[in-house]
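I need the structure of the sequence given here:
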Amino acid sequence: MRNSFAPWRAPIRSGARRASTASCSSSGSTSRSGLVARLIPRRPKPPSQTWRTFLQNHVADLASVDFFVVPTATFRVLYVFVVLLHPRRRIVLFNVTDSPTAAWTARQIIEAFPDDSAPRYLLRDRDSIYGAEFRRRVQAIGIAEVLAAPRSPWQNPFVERVIGTIRRELLDHMIVLNEGHLRRRLRSYFRYYHGPRTHLALEKDAPEPRAVEPPEHGRVVALPQVGGLHHRYVRRSA
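Next up is the predicted model:
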């Protein structure tokens, strides 16, 4: 019995040795190739364009939109829709409603950009209010939509900052009585925002450029704006 099984066991041991040798050889080859790969410096890949770079490169062709909520004295909730052009930080349209829909929002875009005044890109968030009808209208006037990532308001910084400015400089100082009252206050504030108010991003100019008044024009006089909440400073001769 011992002699009959010996020839059967021998090839197995021989094959095992060959497999073991091949495994060690393969392992050593893999280790050497891995070491060589680590020692040879890799050519760095060109970095992809960041979101901030995209905004800077296309600032002349960008507009952004967003909603913000305003409660009234009677606990009614109003929605304010804002359309902002990036180059001069101009608010080209605002409107107020208590029940926004995709159709209503789409009409605002058409009114904001009549004729051939539409920008190349429209930056917005992923709110469901921008439904199929809104997307069709935007595409029909030749605007490409750029969507911010979910829960990333920092990717829509221009309009987010404008909304924060409206709250800090207007809404935090008043109680809104009704829709008409809110419209009048916003209209008054936007006149101040576009004219007298300076913007650091515009090198302390306003969205509607104004001439620099030299000292020989007279002393500085403060003119009330937005019901006295802000002021415009001009030079007047005595």
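
just for this structure, where's the confidence low?
Judged by pLDDT under 70, the chain has its weakly predicted residues at 1-49, 51, 238.

just the strands from the protein, written as ranges.
Here the chain has its strands, by DSSP state E, at 62-71, 77-85, 90-97, 121-124, 144-147, 219-225, 230-236.

and the fifth one, which residues are buried?
Of the residues in strand 144-147, those buried under the neighbour-count criterion (16 or more other C-beta atoms under 10 Å) are Val146. From N, CA and C alone the C-beta is placed, and that goes for glycine too.

need the strands of the chain in CSV with distance to Tyr193, can you?
As requested, the strands of the chain are exported to CSV (distance: least, C-beta to C-beta, whole Å):
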stretch, distance to Tyr193
strand 62-71, 15
strand 77-85, 11
strand 90-97, 7
strand 121-124, 20
strand 144-147, 24
strand 219-225, 10
strand 230-236, 9
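
so which of those strands gets nearest Arg167?
Ranking those by proximity to Arg167 (C-beta to C-beta) places strand 62-71 first, at 7.7 Å.

contacts for that closest one?
Outside of strand 62-71, the residues within contact range by C-beta atoms under 8 Å, 6 or more residues apart in numbering are 55, 77-86, 92, 96, 100, 109, 112-113, 119-125, 127, 129, 143, 146, 156, 158-160, 163, 166-167, 171, 176, 182.

what's the answer for stretch 130-145, then?
Here stretch 130-145 has contacts from 63, 101-103, 105-107, 109-110, 113, 118-122, 124, using C-beta under 8 Å, 6+ apart.

returning to that earlier point: buried ones among the contacts of strand 62-71?
Those of these that meet the buried threshold are 55, 78-86, 96, 100, 109, 112-113, 119, 121-125, 143, 146, 156, 158-160, 163, 166, 171, 176, 182, by 16+ other C-beta under 10 Å.

for the nearest residue to Arg235 once chain neighbours are set aside, what are its contacts?
Using C-beta to C-beta, 6 or more residues apart in numbering and skipping the chain neighbours, the partner closest in space to Arg235 is His217 (3.9 Å). Contacts here follow C-beta under 8 Å, 6+ apart; on that basis His217 touches 235-237.
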